[in-house]
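Engineer: With the input below, show me the fold.
(one chain, ligands or ions: 1)
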Amino acid sequence: MRQDNEHFFARRALERPLERRRELLRLGAAGLGAAGLGAAGLGAAGLRAAGVAGLAFTPGIAAAAEKVRTTARIVIAGAGAAGLAAASRLSAALDGATITLIDARRQHFYQPGFTLVGSGIKPASYVESATADYVPGNVELVEQRVAEFDPEANKVVTDGGQTFAYDFLIVATGLKLEYGLIEGMDEKLIGRDGIGSIYHSPAGAQATWQSMSAFADKGGTGIFLRPATEMKCAGAPLKYTFVTDDYLNRRGNRGRAEIVYNANNKALFSVPIVSEKVRMLFQQRGIRVNYERVLAAIEPGRRIAIFRTPTGIEEQDYDFIHVIPPMRAPEAIRNSPLPWRTGAWAAEGWMEVDKGTLRHLRYRNVFGVGDIAGVPKGKTAASVKWQVPVAVDHLVAEIASRSSDARYDGYTSCPLITRLGQAMLIEFDYENNLVPSFPGVIAPLEELWISWVMKTMALKPTYVSMLRGIA
Ligand SMILES: Cc1cc2nc3c(=O)[nH]c(=O)nc-3n(C[C@H](O)[C@H](O)[C@H](O)COP(=O)(O)OP(=O)(O)OC[C@H]3O[C@@H](n4cnc5c(N)ncnc54)[C@H](O)[C@@H]3O)c2cc1C
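Structural biologist: I've put the predicted structure just below:
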């Protein structure tokens, strides 16, 4: 399947996104049998157009066809989804460049799968692999952390004391989970005393599954929430609430349980129409919603969660709680000149990039892609898929002394699981428009089996192709 995909994408240059996604759908229909998806009218390739979706607009591929000769030194900080995808694309587009990828973490985590591990659908091994497996041959992987970004001097310094000077820098460090900002919370508590958190790691997601499953066996009060900061995959807190509700039902214990979802503000999701749909589904399923509740502290011994509200502090008892911590830029970024200096993203340290090009607004040779980018939407792997080709195209264009009109429109995708076997494929842009890849075929606000299949089967091959720069 992956090989077919490679050939397909290698043939394609720039086309309009929706047309490309439709073409994928047609091609997908031809390959129905292999994926066993015939009944749904969608084949493997078609499915790749969703989830990490929109495997469409791939400007970098055009550059890859004719390599640009250069001696430029390019440093990529962070070898997660965005860093690896950028390394693969640059390596394919450039001949002679020195590309250095810096990341201390040797494992690669397929984070969209954490929800599935936490739901007992996949084992932890499903989301773990080795970073080195995705690094192209002509890219040097330095297994250290960038400790200092110095864009004035065009260099980074690692925690091992090595200095790397660059002509271009791509920052792809992702974000930092700040469990410590919740008083009484410690990541070591995940899987103990009714505390879960699918965000932390594969092992954390596995431990969360055990806690949630034990809760579903007994019932009681389940508390769900999201942080007040920007966050990656803002659909995951909702998905996990739905899945827990479903397990309680399947085990005959829903009548013995109360489920409470605490929204950080006055909405359940940043896209109003999606927020309203989720509100209706929660209401139908008897999930109680509190608005403007932000988790401030937890007392594991007494199983009490303490929330900040507009009128003061509120205590909530729990038998199971799904903790999602505040998120912000890693310290090395926050301590550098790279973040926004004013506005909504300054305090959390997100990078000051142009929302269309991902190029730094003050340092023209610096780009920020993935979760670290201070842009109005994103923070999903699907966004990475659309951001990286744009940033890479601008970088390569500068080397080749041409201009680029590639733009990221805020495309973000969230296969929102609403029960085991069903999901809503939510795709949207900066303007809160729903931008379905399959208009007339997959309705974004309908709970569908095919959207579930995309999340559980098609997303990972798509994601891996993205890391390799071929999707
Ligand atoms: C529970 C969960 C569910 C999700 N579900 C979905 C989904 O359904 N669909 C979807 O599209 N997305 C989903 N996502 C989001 C998606 O996984 C992220 O948006 C994506 O991984 C972001 O890629 P990134 O490269 O920016 O960050 P990451 O993939 O997190 O990689 C960042 C890398 O930078 C490294 N790094 C950090 N600091 C430094 C430093 N100082 N120097 C060098 N390296 C550094 C880290 O070690 C890491 O390897 C989910 C995420 C989670 C946690």
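Engineer: how about the helices of the chain, start to end?
Structural biologist: 2-11, 17-30, 32-35, 44-47, 59-65, 81-93, 114-118, 202-218, 236-250, 272-284, 331-334, 381-399, 449-453, 459-467 (DSSP state H).
Engineer: In CSV: the ones you listed, plus distance to the ligand, mean neighbour count and mean pLDDT.
Structural biologist: Bear in mind the C-beta positions are built from the backbone N, C-alpha and C, glycine included. Output for the helices of the chain, formatted as CSV (distance: least, Cβ to the nearest ligand atom, whole Å; neighbours: other Cβ atoms under 10 Å; pLDDT from 0 to 100):
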stretch, distance to the ligand, mean neighbour count, mean pLDDT
helix 2-11, 17, 14, 30
helix 17-30, 15, 18, 37
helix 32-35, 19, 15, 30
helix 44-47, 14, 28, 34
helix 59-65, 16, 22, 46
helix 81-93, 3, 28, 98
helix 114-118, 4, 27, 98
helix 202-218, 7, 20, 98
helix 236-250, 4, 23, 98
helix 272-284, 14, 17, 98
helix 331-334, 4, 19, 98
helix 381-399, 3, 26, 98
helix 449-453, 11, 21, 94
helix 459-467, 7, 23, 96
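Engineer: what's the closest of these to residue 72?
Structural biologist: Minimum separation from residue 72 across the helices of the chain (Cβ to Cβ) falls at helix 381-399, 5.6 Å.
Engineer: now the angle from the closest one to helix 81-93?
Structural biologist: Using axes from the mean of the first three to the mean of the last three Cα atoms, to 10 degrees, the inter-axis angle of helix 381-399 relative to helix 81-93 is 40 degrees.
Engineer: Quick one: distance of helix 381-399 to the chain centre.
Structural biologist: 16 Å (Cα atoms, centre = their mean, to the nearest Å).
Engineer: now stretch 377-397
Structural biologist: The answer for stretch 377-397 is 13 Å, by Cα atoms, centre = their mean.
Engineer: dump the residue contacts of residue 292.
Structural biologist: 263, 264, 265, 266, 309, 310 (Cβ atoms under 8 Å, 6 or more residues apart in numbering).
Engineer: Would you mind measuring from the closest residue to the last one other than its chain neighbours to residue 267?
Structural biologist: The spatial neighbour of residue 310 that comes closest, neighbours along the chain excluded (Cβ to Cβ, 6 or more residues apart in numbering), is residue 292 at 5.3 Å. Distance, residue 292 to residue 267, using Cβ to Cβ, to the nearest Å: 10 Å.
Engineer: Which one of the contacts of residue 292 is nearest to residue 334?
Structural biologist: Nearest to residue 334 among those, counting by Cβ to Cβ, is residue 264 at 21.1 Å.
Engineer: Check the closest one and give its pLDDT.
Structural biologist: On pLDDT, residue 264 comes in at 98.
Engineer: And the residue in the stretch 1-150 of the chain positioned nearest to the ligand, what's its pLDDT?
Structural biologist: Nearest residue of the stretch 1-150 of the chain to the ligand, counting by Cβ to the nearest ligand atom: residue 80, 1.7 Å away. If you check residue 80, the pLDDT there is 98.
Engineer: hang on, isn't it packed against residue 370?
Structural biologist: Yes. Using Cβ atoms under 8 Å, residue 80 makes contact with residue 370 at a distance of 6.8 Å.
Engineer: between these two, who's got more neighbours?
Structural biologist: Counted by other Cβ atoms under 10 Å, residue 80 and residue 370 do not tie: residue 370 has more neighbours, with 30 against 22.
Engineer: Skipping adjacent residues, who's closest to that one in space?
Structural biologist: Nearest in space to residue 370, with sequence neighbours left out and distances taken as Cβ to Cβ, 6+ apart, is residue 82 at 3.1 Å.
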